[in-house]
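Student: Attaching a predicted model along with its sequence, questions to come.
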Amino acid sequence: MAAPAPGKSSYWVDSTPQTRYPPLEGELDVDVAVLGAGIAGLTLATLLAEEGRRVAVLDSSRVARGVTGYTTAKLTSGHGLIYAELIARFGERGARAYADANQAAIERVRALADRHAIDCDLEQATNYVFAERDEERDRLRDEVDAMQRLGLPATLVEETPLPFPVAGAIRLTGQAQFHPRKYLLPLAEALRSGGHAVLEETRATQVDEGEPCTVTTDRGLVRARDVVLATHLPFLDRGLYFARAHAHRSYALTAAIDADQAPEGMFINVGTPTRSLRTVAAEGRRLLLVGGEGHRPGEETDTDRRYRNLESFLRERFPAAGEITHRWSTQDYLSVDRVPFVGRLTPRSRHVYVATGFGKWGMSNGTAAAIVLADAIAGRENPWADLYDPGRLKPRAAARRFATENASVARHLAAGRLAGLGRGVNDIAAGDGAVVRVGRRQLAVHRDDSGALHVLSARCTHLGCIVSWNAGERSWDCPCHGSRFAVDGRVIQGPAVADLSRAEA
């Protein structure tokens, strides 16, 4: 008999205990309120606490259960092909700042793990960016030349530890891989035991800047001198970050593999579709993690097809791999110029900061963001701050990139007006969902496996785009800016902060 299909939960989540921190009750006064308990927020809170500041970390869900809990967990400055582009866009000084920041992030994770005696399966690993087609080799040569100019330990090689031939690869030494929740849960507990507040199931809905700033949540108020939005994408529309970065979904699975068959290193290809690989130390055995299959939210209804594509790749390239143990999806935001936004929320902000747009490399970029923000809050100079500064994009210079990135938003807004035509509630089978029209209303309707209907407004509570049904994840996804909602309307992922309203069919 075939093994049952694994649920859609990551290995990182399944192999660590559930956290049980309390929600906010009433009001709280601290020096710094950090909104978001992923790697950026918890690393920043740790650095601030070490400097003697009173910190509160708030999360709408659970600690490290967002994007950080559904990552590939690579700690590397080898972010695909990026450095030649960064040199062209920002010059060598800017590109070197990006390289230095991400290299320093690896060392900061090592230092914090040592300082707090954290066993997080942290392993040194070599990173490979590989090409499978001869025509891609020139791109590798350009990239390795750029990396070497920036001081990165990169070389062009003809072979890799992968069990299939490549046309070439960039080999980057001194990188690392780890278990992100085994790393972050002890940091959260150290904050709590040190007298700081770690608050779960507390959704921030508004931040008013002042002296102090006030954070309004669904549980009460937090007053703080400084506030940091480390919430993946800011839920505040100030700064228009939803128009400066776009959401991108991706998928991953893990399979058992014998240690002598497991390739040593971390790998990502330069072509399409993306294939990202690494091994995982899993309680006495090895797993092989394969990721990729990216697309924008709302542009794929049969997301289970993405997992099938990954498994097909796995079986073809690693025939000795065993059963699939886990599969999961995630969502990240990519900035219009590939560099995260880290710094003051807007040019007028004095005490409200942001960290967003990590471009699928959040383990290193999120850690680097924490270092930049810790320096900013302390009033210290930081050599990477200018590059990451959210104010670096001037409207006129960035107009073409803004237009390109937001063309799909305009298409989805237009298409949303027609969503639901020609389909009725009775057409929806058990387990399925669709947007339907009832009179002039557009409704998001899901029929669960028992046949019961769950009817919601189809209009995203962020900016009013029409959501679409995600059959694989059984969620309602906004194709415009990436908000996601459960079948009962609850917000799964922002920038939306309000649930979809219930309706009658």
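Tutor: Arrived safely. Numbers count the residues shown, from 1 in each chain.
Student: pretty sure A125 contacts A281?
Tutor: No - if you go by CB atoms under 8 Å, A125 and A281 don't touch, sitting 11.2 Å apart. (C-beta placed from N, C-alpha, C; glycine too.)
Student: what residue ranges in the stretch 51-200 of the chain score low on pLDDT?
Tutor: Judged against pLDDT under 70, the stretch 51-200 of the chain has no low-scoring part.
Student: quick revisit: neighbour count: A125 and A281, which is higher?
Tutor: Each of A125 and A281 has its neighbours counted (other CB atoms under 10 Å); A125 has more, 22 against 16.
Student: what does the helix or strand where the more buried one lies rub up against?
Tutor: Taking DSSP states H and E as the criterion, A125 maps to strand 123-131. Residues outside strand 123-131 that contact it (CB atoms under 8 Å, 6 or more residues apart in numbering): 74, 76, 78, 80-81, 137, 139-140, 143, 157, 160-162, 166-178, 264-271, 278, 281.
Student: Make sure T43 is indeed in a strand.
Tutor: No - read with DSSP: H, G, I helix; E, B strand; the rest coil, T43 is helix and lies in no strand.
Student: what do A125 and A281 both touch?
Tutor: Taking CB under 8 Å, 6+ apart as the contact rule, A125 and A281 have no neighbour in common.
Student: Run the chain-centre distance for the helix or strand encompassing T46.
Tutor: According to DSSP H and E, T46 maps onto helix 39-50. Centroid separation for helix 39-50 versus its chain: 18 Å, with CA atoms, centre = their mean, to the nearest Å.
Student: and it, what does it pack onto?
Tutor: strand 26-35, strand 55-58, helix 83-115, helix 180-193, helix 362-378 (3 or more CB pairs under 8 Å, 6 or more residues apart in numbering; DSSP states H and E).
Student: could you give the angle of that helix to helix 180-193?
Tutor: 30 degrees (axes from the mean of the first three to the mean of the last three CA atoms, to 10 degrees).
Student: How about residues contacting helix 39-50?
Tutor: So helix 39-50 is contacted by 31-32, 34-35, 55, 57, 59, 63-64, 68, 108, 112, 180, 184, 187-188, 190-191, 194, 196, 228, 230, 355, 358, 362-363, 366-367, 369-371, 373-374, 377 (CB under 8 Å, 6+ apart).
Student: ok, R137 touching A167?
Tutor: Yes - R137 is in contact with A167 according to CB under 8 Å; the separation is 5.5 Å.
Student: Just give me the residue right at the centre of this protein.
Tutor: D332 (3.7 Å; CA atoms, centre = their mean).
Student: and the gap between that one and L185?
Tutor: 21 Å (CB to CB, to the nearest Å).
Student: Break this protein into its domains for me.
Tutor: Under the assignment automatic domain parsing, the domains of the chain span 21-71+181-243+338-393, 425-493.
Student: for the stretch 301-450 of the chain, which spans come out with low pLDDT?
Tutor: For the stretch 301-450 of the chain, applying pLDDT under 70 flags the ranges 394-423.
Student: Apply 80 and report the result again.
Tutor: 301, 393-424, 440 (pLDDT under 80).
Student: what angle do the strand holding A125 and helix 83-115 make?
Tutor: Using the same axes, to 10 degrees: strand 123-131 against helix 83-115 is 170 degrees.
Student: re the thing from before, could you dump the host helix or strand of the residue nearest to the centre of the chain to CSV, C-alpha only?
Tutor: With elements taken from DSSP H and E, the one containing D332 is strand 324-335. Presented in CSV, the C-alpha positions along strand 324-335 are these (Å, rounded to 0.1, in the frame of the first residue of the first chain):
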residue,chain,number,x,y,z
ILE,A,324,8.3,12.1,0.7
THR,A,325,8.3,13.2,4.4
HIS,A,326,7.1,16.8,4.2
ARG,A,327,5.8,19.3,1.7
TRP,A,328,5.1,23.0,2.2
SER,A,329,4.7,26.3,0.4
THR,A,330,5.8,29.8,1.3
GLN,A,331,5.5,33.3,0.1
ASP,A,332,8.1,36.1,0.0
TYR,A,333,8.4,39.6,-1.3
LEU,A,334,10.9,40.8,-4.0
SER,A,335,11.7,44.5,-4.2
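Student: Could you point out the helix or strand that follows that strand?
Tutor: strand 341-344.
Student: list the helices and strands that following strand packs on?
Tutor: Against strand 341-344 (3+ CB pairs under 8 Å, 6+ apart) you get strand 352-356, helix 362-378, helix 385-388.
Student: which residues touch it?
Tutor: Outside of strand 341-344, the residues within contact range by CB under 8 Å, 6+ apart are 241, 244-245, 335, 350, 352-357, 368-369, 372-373, 376, 385, 388-391.
Student: Just the buried ones out of the residues you listed, please.
Tutor: 241, 244-245, 335, 352-357, 368-369, 372-373, 376, 385, 388-390 (16 or more other CB atoms under 10 Å).
Student: What separation do you get for the residue lying farthest from the centre of the chain and R141?
Tutor: Most distant from the centre of the chain: G439, at 38.3 Å, with distances by CA atoms, centre = their mean. Going from G439 to R141 by CB to CB gives 61 Å.
Student: now swap in E283 and tell me
Tutor: 41 Å.
Student: Quick check: next helix or strand after the helix or strand harbouring W476?
Tutor: Element membership for W476, per DSSP H and E: strand 475-477. Per DSSP H and E, strand 475-477 leads on to strand 484-485 as the next helix or strand towards the C-terminus.
Student: what sits up against that following strand?
Tutor: For strand 484-485, using CB under 8 Å, 6+ apart, the contacting residues are 297, 331, 456, 460, 467, 470, 475-478, 491-493, 496, 499-500.
Student: Summarise which helices and strands whichever helix or strand comes after that strand is packed against.
Tutor: Downstream of strand 484-485, the next assigned helix or strand under DSSP H and E is strand 491-493. Judged by 3+ CB pairs under 8 Å, 6+ apart, strand 491-493 is in contact with strand 484-485.
Student: Give me the sheet partners of the strand it packs on and which way each runs.
Tutor: If you go by DSSP bridges, strand 484-485 pairs up with strand 475-477 (antiparallel), strand 491-493 (antiparallel).
Student: Pick the most buried one from the ones you listed.
Tutor: Scoring the strands paired with strand 484-485 by mean neighbour count under mean count of other CB atoms under 10 Å gives strand 475-477 as the most buried, with a mean of 25.
Student: picking that back up, worst average pLDDT in the strands paired with strand 484-485?
Tutor: Note on the strands paired with strand 484-485: lowest mean pLDDT is at strand 491-493, with a mean of 85.
Student: How far off centre is stretch 149-166?
Tutor: 26 Å.
Student: Pull out the buried positions in it.
Tutor: Here stretch 149-166 shows 150, 152, 154, 156, 160, 162, 166 as buried, counting by 16+ other CB under 10 Å.
Student: Okay, now that stretch: how far is its last residue from its first?
Tutor: Chord length of stretch 149-166, first to last residue, is 25 Å (CA to CA, to the nearest Å).
Student: Take the helices and strands packed on strand 341-344 and lay them out in CSV including distance to V342.
Tutor: Output for these, formatted as CSV (distance: least, CB to CB, whole Å):
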stretch, distance to V342
strand 352-356, 5
helix 362-378, 4
helix 385-388, 4
